[in-house]
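Enquirer: Any chance you can model this:
(chains A and B)
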Protein chains: 2
Amino acid sequence: MSAPVEPQLFRAAMAQLAAAVNIVTTDGPAGRYGITVSAVCSVSDTPASLLVCVNQASRMRALVEANGVLVVNVLTPAHRDLCSRFATPGLGEAERFAASDWQVMANGAPGLEGALVRLACRLVQVCEVGTHAVVMAEVEQVVLGAGDEGAVEGLVYFDRAFHQVPLRAG
Amino acid sequence: MSAPVEPQLFRAAMAQLAAAVNIVTTDGPAGRYGITVSAVCSVSDTPASLLVCVNQASRMRALVEANGVLVVNVLTPAHRDLCSRFATPGLGEAERFAASDWQVMANGAPGLEGALVRLACRLVQVCEVGTHAVVMAEVEQVVLGAGDEGAVEGLVYFDRAFHQVPLRAG
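Expert: Next comes the predicted model:
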């Protein structure tokens, strides 16, 4: 049995694992909510599935399970402020959604206008791992492209800073 | 019930979810092996945990479960060729590992010299989702920094191309 890895060392290591930045939303009988999440991962294309890691103690965890639906909105460099807003503890639902335009997706949860990609999903399974829940979800609707916003770059979080990476021409 | 999302559309969407590029290795009674994986995700810092998605039908899936250990090696821009090598179907174990320097980690699996981060892990749980297995693992050892190789950038895969993102000075 080795000594546990210190949380601070683990977080320093994970800061060097580059990741996309996303706002994950939900809506339904339990209410609307959304948070910034970098821990989103493609799982399988048959059926189209992805996973999202959320803190067990978070409001988001409870609401996603109660509503049974979520939307992964993949952010562009234009969304830096929005990303911070949805990552601010204690900020209420109304304040989170007020500063941007949302369109209800097929599953009833909010899709972000101008997102690089919007993926509307249905919850399939939750695996609990330590402080976090790994939410497995099946993708039911994909909206590709930022439309009129014309995003040409993706947003990446790496080494505790934002970066932008270009889309290929065409 | 909505129609299933076409695998091709789902893959096009997931191509726009930027991700770090990693070589995940294993070794033990069932043998040594390694593959390129972008689907790696931080889960919890208490205990330090991450997850890796691998194809159910892959050799890697069988070996990781049999050996019970894995190492996530986070790549730098210097590792583009290595990334392709470990993603080549049919390439044997010896050919995969021949072109680079490896150091055995505390759990017995290979750590890549010059990786941005090396995380030696023990398998905790496997969740099966469609064609893929989500391997949950507890991190037992972290080696930060590329040492003498002096990497100053991380490697990102986005829109089906490699990109590099800078580490902050210092």
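Enquirer: just the helices in chain A please.
Expert: In order along the chain, chain A carries the following helices (DSSP state H): A:7-14, A:59-67, A:80-85, A:93-98.
Enquirer: between the ones you listed, which gets nearest to chain B?
Expert: Closest to chain B of these is helix A:7-14 (Cβ to the nearest Cβ; 3.8 Å). Where C-beta positions appear, they are placed from N, C-alpha and C, glycine not excepted.
Enquirer: who touches the closest one?
Expert: Outside of helix A:7-14, the residues that reach it under the criterion Cβ atoms under 8 Å, 6 or more residues apart in numbering or on different chains are B:42, B:45, B:46, B:48, B:50, B:117, B:119, B:139, B:142, B:144.
Enquirer: then that helix to PDB, C-alphas only?
Expert: Once non-C-alpha atoms are left out, helix A:7-14 reads as follows in PDB (Å, rounded to 0.1, in the frame of the first residue of the first chain):
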ATOM      1  CA  PRO A   7      -4.600  16.400  -3.400                       C
ATOM      2  CA  GLN A   8      -2.400  19.500  -4.200                       C
ATOM      3  CA  LEU A   9       0.100  17.400  -6.100                       C
ATOM      4  CA  PHE A  10      -2.700  15.600  -8.000                       C
ATOM      5  CA  ARG A  11      -4.300  18.900  -8.900                       C
ATOM      6  CA  ALA A  12      -0.900  20.300 -10.100                       C
ATOM      7  CA  ALA A  13      -0.600  17.200 -12.400                       C
ATOM      8  CA  MET A  14      -4.100  17.500 -13.700                       C
END
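Enquirer: Buried residues in that helix, which are they?
Expert: A:10, A:12, A:13, A:14 (16 or more other Cβ atoms under 10 Å in any protein chain shown).
Enquirer: confidence score at residue A:75?
Expert: At residue A:75, the pLDDT value in this model is 96.
Enquirer: tell me the contacts of it?
Expert: For residue A:75, the contacting residues are A:20, A:21, A:22, A:23, A:82, A:83, A:112, A:115, A:116, A:155, taking Cβ under 8 Å, 6+ apart as the criterion.
Enquirer: Kindly reformat these as JSON lines containing distance to chain B, pLDDT and neighbour count.
Expert: As requested, the contacts of residue A:75 are arranged in JSON lines below (distance: Cβ to the nearest Cβ, whole Å; pLDDT from 0 to 100; neighbours: other Cβ atoms under 10 Å in any protein chain shown):
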{"residue": "A:20", "distance to chain B": "4", "pLDDT": "98", "neighbour count": "25"}
{"residue": "A:21", "distance to chain B": "9", "pLDDT": "98", "neighbour count": "27"}
{"residue": "A:22", "distance to chain B": "8", "pLDDT": "98", "neighbour count": "28"}
{"residue": "A:23", "distance to chain B": "13", "pLDDT": "98", "neighbour count": "27"}
{"residue": "A:82", "distance to chain B": "17", "pLDDT": "96", "neighbour count": "23"}
{"residue": "A:83", "distance to chain B": "14", "pLDDT": "96", "neighbour count": "17"}
{"residue": "A:112", "distance to chain B": "14", "pLDDT": "97", "neighbour count": "28"}
{"residue": "A:115", "distance to chain B": "10", "pLDDT": "95", "neighbour count": "30"}
{"residue": "A:116", "distance to chain B": "5", "pLDDT": "95", "neighbour count": "31"}
{"residue": "A:155", "distance to chain B": "8", "pLDDT": "96", "neighbour count": "23"}
